[in-house]
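Novice: Take this sequence and fold it.
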Amino acid sequence: MSLKHSYTLIAPLYDLVVSKATHSIRKASLKQLDTLSNVGDRILIAGIGTGLDIPHLPPDRIYTGIDLTQSMLAKAKRRKGNVDIKLELGDAMHLPYEDNSFDLVVMHLILAVVPNPALALQEAQRVVKEQGHIIILDKFLQPGQLALIRRLINPVIRHIATQTTVVFEHQLAECENLKLISDDPVLAGGWFRKIVVKKQSN
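Specialist: Next up, the predicted model:
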């Protein structure tokens, strides 16, 4: 089953499963939009899903939200409120934007979902401006972590909803211009992490 197909099927139930569990960590992650230095006005949300981030977005910025499925975007549209956000259909692994288009990129619960997380992170690196930040919130194994149950369920669940064995450090190593700024555990004994990286000069 393709990711686009599975998330089209999941969309009606997505909020029931994910909203309450991730509300507080989304809010904490997006609070960084007001605390990070040199955050400009143009912000991309890669993998916006049903728009669960939208209520936590500062209203004085210009946002673009992209997602792979129209059914997810339809739900996100109903959450827009007074936030200036353009919602577009597209793939986080092949972003339809020019290099250095955004001041900041938000990647909430997307790197562990896409088939190739390194490619998605490279695309975020490409479209964010130099000295711009990428805010990441997701579940990651630590390098060398055994996590037998997560490894056993991954071959099945990765084709339906999400991967459970992504190691962030391995993805970061594929992005030569990104520097780790912060990395904080936020949920499930540190499986979920709130991470900020910054794009350095070539």
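Novice: Touching, residue 41 and residue 61? I think so.
Specialist: Yes. When contacts are counted by Cβ atoms under 8 Å, residue 41 is listed as touching residue 61 (5.3 Å). Quick note: C-beta positions are derived from backbone N, CA and C, even for glycine.
Novice: Compare the two (neighbour count), which wins?
Specialist: Taking other Cβ atoms under 10 Å, residue 41 and residue 61 do not tie; residue 61 has more neighbours (17 against 12).
Novice: which residues touch that one?
Specialist: 33, 41, 42, 43, 84 (Cβ atoms under 8 Å, 6 or more residues apart in numbering).
Novice: So which of those belong to strands?
Specialist: 42, 43 (DSSP state E).
Novice: Just send the contacts of residue 61 back as CSV, with distance to residue 175 too.
Specialist: Output for the contacts of residue 61, formatted as CSV (distance: Cβ to Cβ, whole Å):
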residue, distance to residue 175
33, 21
41, 24
42, 20
43, 19
84, 29
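Novice: Now render the contacts of residue 61 as a markdown table, adding distance to residue 201 and pLDDT.
Specialist: Listed next are the contacts of residue 61 as a markdown table, based on distance: Cβ to Cβ, whole Å; pLDDT from 0 to 100:
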| residue | distance to residue 201 | pLDDT |
| --- | --- | --- |
| 33 | 23 | 94 |
| 41 | 22 | 91 |
| 42 | 19 | 96 |
| 43 | 21 | 97 |
| 84 | 30 | 94 |
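Novice: Closest one of the contacts of residue 61 to residue 27?
Specialist: residue 33 (11.1 Å; Cβ to Cβ).
Novice: quick one: contacts for residue 133?
Specialist: 36, 39, 104, 105, 181, 196, 197, 198, 199.
Novice: Of these, which is the most crowded?
Specialist: That'd be residue 105 among the contacts of residue 133, by other Cβ under 10 Å, with 29 neighbours.
Novice: quick one: residue 195 is in a strand?
Specialist: Yes. Using DSSP: H, G, I helix; E, B strand; the rest coil, the assignment for residue 195 is a strand.
Novice: Name the residues that touch the lowest-mean-pLDDT helix or strand in the chain?
Specialist: In the chain, the helix or strand scored least confidently by mean pLDDT, DSSP states H and E is helix 148-157, which has a mean of 74. With Cβ under 8 Å, 6+ apart as the contact definition, helix 148-157 has outside contacts at 141, 163, 164, 165.
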